[in-house]
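Student: 3D model of this:
(4 chains)
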There are 2 protein chains.
Amino acid sequence: MRSDAARSTRAIIEAAERVLSANPAASLEQIAEAAGVARTTVHRRFAGREALLRTMGAQAWAQIRDAVAEIVQDAAPPMVAWHRATTAVLAVKHGWTFALTHIDEADAETLAVIGEVTAITDTFLLRARDAGLLRPEADLEWVRRVYMALISESVHGQAEHGDADATRVLDTLLRGFGA
Amino acid sequence: MRSDAARSTRAIIEAAERVLSANPAASLEQIAEAAGVARTTVHRRFAGREALLRTMGAQAWAQIRDAVAEIVQDAAPPMVAWHRATTAVLAVKHGWTFALTHIDEADAETLAVIGEVTAITDTFLLRARDAGLLRPEADLEWVRRVYMALISESVHGQAEHGDADATRVLDTLLRGFGA
DNA sequence: ATCAACTGAAACAACGATGTTGCATGTTCG
DNA sequence: CGAACATGCAACATCGTTGTTTCAGTTGAT
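Tutor: Now for the predicted structure:
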């Protein structure tokens, strides 16, 4: 692919994320306009709406996987590594609100990536439990679901996000709000 | 409205919830078929797709409000009342997955009901904090958002739901998973 | 029983989104 | 430079959804 074509592709994907996160039913026309290209160009770069969405989902999940994968390499104490990974994931999720929530049909490759993310997370949760961070009797699948839900909720309608968000998420997850 | 018309209206709304929760982009045709009526009947009972969605949202939120309102009257200790209300909300949410999540445009009336729900919840959270159930420094808006996110997550893909779900939600909210 | 209300069915118009083609004009890259 | 590639633009065909109308037949209320 030539460099200008690559530029168009990137512009379209970024515009799609912007437009669709505001209005999930937006047309390719609106996306093209936001990207500063003609609608025909969108059809040249992507076979159709579905193909565009699948590509977006693939890219977004790949970034989530990269963010999560750091935690495996991280030699720091679990709590420190967890905080770092959470911050990274929050950043990705903030930039891919639509792609990570409103896309259901994913290709096999993306499903594999999602599986990777789940696996890495579950492995880490086991490690965290062994390290005494989590109560031994905690249902790790439920922990993972709550963790992801907290991350989603944390990103909602938030213009800015910083280190404090990861702290809040983990504090909520581990301590709750009880006295 | 005659009784048969009322029956049609109910059948359409119930079918819409069923069909749209499986496929948010489903057509009125599909909804009509699932409801066992002709598409024209859908148009007779509702001005259009938007009107149908607004009606669904209004009904669903009204039920949520009723479920939450109990907590105000409930003379039992806060924790008991909270558990009861959570169970009721989970039941409603379970039956209105689509209406309570995928509808953004609500009429003024529904917005008022949503406001009621938020107000009642916030009032109760204050009461819970005063009763020593929540840490004094807890950010109550964040508590409310997490509470609602936990309820949503709890309902996800769950065919059955019982008393244990409310217990799990409140346990997670108050204690978290930390050791 | 009677009348108004409701329904299903079929046909139709209108609309927007999608997808395709052809062609002239730019742009990239060897 | 020049060939291959990429783009914008306009035009067109197609498709599914929505919305409306008409009418004959059914159902509900008093």
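Student: give me the element A:V19 is part of.
Tutor: Using DSSP states H and E, A:V19 maps to helix A:3-22.
Student: ok, and what's touching the next helix or strand along the chain from that helix?
Tutor: Per DSSP H and E, the first helix or strand lying C-terminal to helix A:3-22 is helix A:28-35. Residues outside helix A:28-35 that contact it (Cβ atoms under 8 Å, 6 or more residues apart in numbering or on different chains) are A:8, A:11-12, A:14-16, A:18-20, A:23, A:38-39, A:41-43, A:49, A:52. C-beta coordinates here come from the backbone N, C-alpha and C atoms, glycine included.
Student: Mind doing that once more with 7 Å?
Tutor: Outside helix A:28-35, the residues within contact range by Cβ atoms under 7 Å, 6 or more residues apart in numbering or on different chains are A:A11, A:I12, A:A15, A:A16, A:R18, A:V19, A:A38, A:R39, A:T41, A:V42, A:R49.
Student: what do you get for stretch A:46-60?
Tutor: A:13, A:16-17, A:28, A:96, A:99-100, A:103, A:105-107, A:109-110.
Student: any idea how far chain B is from A:W61?
Tutor: Distance, A:W61 to chain B, using Cβ to the nearest Cβ, to the nearest Å: 19 Å.
Student: Report the contact partners of that residue.
Tutor: Applying Cβ under 7 Å, 6+ apart to A:W61 gives the contacts A:T110, A:V113, A:I114, A:V117.
Student: so what pLDDT did the residue lying closest to A:P24 once chain neighbours are set aside get?
Tutor: In space, and not counting its chain neighbours, A:P24 is closest to A:H102: 5.2 Å by Cβ to Cβ, 6 or more residues apart in numbering or on different chains. Predicted confidence (pLDDT) for A:H102: 91.
Student: Would you map out the domains in chain A?
Tutor: Recorded structural domains for chain A (assignment: automatic domain parsing) are A:1-46, A:50-175.
Student: closest to B:D165 out of those?
Tutor: Ranking these by proximity to B:D165 (Cβ to Cβ) places domain A:50-175 first, at 10.7 Å.
Student: Could you tell me the end-to-end distance of the closest one?
Tutor: 41 Å (Cα to Cα, to the nearest Å).
Student: Just checking the distance from that domain to the centre of its chain.
Tutor: In terms of Cα atoms, centre = their mean, to the nearest Å, the centre of domain A:50-175 is found 7 Å from the chain centre.
Student: do that domain and DNA strand D meet at all?
Tutor: No: Domain A:50-175 stays clear of DNA strand D (Cβ under 7 Å from any atom of the strand), getting no nearer than 13.9 Å.
Student: Can you classify the residue nearest to A:E17 when sequence neighbours are not counted by secondary structure?
Tutor: Nearest residue to A:E17, sequence neighbours excluded (Cβ to Cβ, 6+ apart): A:F98, at 5.5 Å. Following DSSP: H, G, I helix; E, B strand; the rest coil, the label given to A:F98 is coil.
Student: hang on, the earlier thing: farthest pair in the contacts of stretch A:46-60?
Tutor: Across the contacts of stretch A:46-60, the longest distance by Cβ to Cβ is 23.2 Å; it joins A:L28 and A:E109.
Student: Neighbour count for those two, which is higher?
Tutor: The residue with more neighbours, out of A:L28 and A:E109, is A:L28; 17 against 13, by other Cβ atoms under 10 Å in any protein chain shown.
Student: For A:A35, which non-adjacent residue is spatially closest?
Tutor: Take A:A35 and drop its neighbours on the chain: the residue closest to it by Cβ to Cβ, 6+ apart is A:A15, 3.6 Å away.
Student: Could I get the contacting residues of that neighbour?
Tutor: Applying Cβ under 7 Å, 6+ apart to A:A15 gives the contacts A:I31, A:A34, A:A35.
Student: Name the nearest of these relative to DNA strand C.
Tutor: Using Cβ to the nearest atom of the strand, A:I31 is the member of the contacts of A:A15 that sits closest to DNA strand C, with 7.9 Å.
Student: if we can go back for a sec, which of the contacts of helix A:28-35 has the largest number of neighbours?
Tutor: In terms of neighbours by other Cβ under 10 Å, the contacts of helix A:28-35 top out with A:A16 at 26 neighbours.
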